[in-house]
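[1] Sharing a sequence plus its predicted fold:
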Amino acid sequence: MSSQGDRWAELTGGQAGEEYARRFARLAESGHDIHGEASFCDALLTRAARVLDAGCGTGRIAIRLAELGHLCTGVDVDRSMLAVARREAPTQEWLHGDLAQLDSLGLEPGFDLALAAGNVIPLLAPGTEPAVVRQLAAVLRPGGLLITGMGLDAEHLPLPEPTVTLKEFDDWCTAAGLTLRQRFATWAGDPYRPGGGYAVSVHSRPTA
């Protein structure tokens, strides 16, 4: 997520890591597929791709992508979430940082894919969203992908009302030099229809 003052911190107080992990453990135990995001990304990647999981939380997606053979770095501002990630996968790279100041973390550019799943964009600190998109675009290699998943109505957000429209998000991506390639309604690849409450978007950085 982003820095203090972001919507996620206001919702959780920065203490949600253990409960968040338990929630997905319960889903997995009940037979739910909790790896939809990772499967979606893996299908778009070549072997041993470099992936930045921006707003990685407890590391669920990055850990799964690493199991699938990719090289993953997770970044989050919530220390309680990162504590879980580091416990579950101590050999992976987990960085504490603000997505609006990603360049301060000294990341080597050239990522094949940057992922902002789990409503990362709608839960950023108000006003930082364009900067976060710029920072994510900047770490991608030419042809690299930015993949995002976000709720567009209250039903798909832990908030009383939406904070971001697709038009705004696409404008931020365009300003950062990214092009919309595909858009879906779910991580399973269901087609997105205008007015839908959730969107999975694939933007790319130009190859030249």
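    Good, I have the coordinates.

[2] What segments of the protein are strands?
    For the chain, applying DSSP state E gives strands covering 50-54, 71-76, 93-96, 111-116, 140-151, 179-184, 198-204.

[3] State the mean pLDDT of the second one.
    Going back to what we said before, that points to strand 71-76. The predicted model gives strand 71-76 an average pLDDT of 97.

[4] what sits up against it?
    1, 48-57, 59, 62-63, 65-66, 82, 85, 92-97, 99, 102, 105, 107, 111 (CB atoms under 8 Å, 6 or more residues apart in numbering). (Glycine included, C-beta is placed from N, CA and C.)

[5] got the buried residues for it?
    72, 73, 74, 75, 76 (16 or more other CB atoms under 10 Å).

[6] Residue 194: neighbour count?
    5 (other CB atoms under 10 Å).

[7] swap in residue 121?
    27.

[8] Let me know whether it touches residue 148 as I believe.
    Yes: counting by CB atoms under 8 Å, residue 121 sits close enough to residue 148 to count as a contact (5.8 Å).

[9] Now do the shared contacts for those two.
    residue 169.

[10] what's the span of stretch 65-83 from first residue to last?
    Stretch 65-83 has an end-to-end distance of 19 Å (criterion: CA to CA, to the nearest Å).

[11] correction: stretch 81-98
    14 Å.

[12] List the buried residues of it.
    Along stretch 81-98, the positions that meet the burial threshold by neighbour count (16+ other CB under 10 Å) are 81, 82, 84, 85, 86, 89, 92, 93, 94, 97, 98.

[13] Check stretch 137-150 too.
    Burial within stretch 137-150, assessed by neighbour count using 16+ other CB under 10 Å, is assigned to 137, 138, 139, 140, 144, 145, 146, 147, 148, 149, 150.

[14] hmm, back to that, give me the subset of the buried residues of stretch 81-98 lying in helices.
    Mapping the buried residues of stretch 81-98 onto helices (DSSP state H) picks out 81, 82, 84, 85, 86.

[15] Which one of those is nearest to residue 117?
    Distance to residue 117 across those (CB to CB) is lowest for residue 81, with 13.2 Å.
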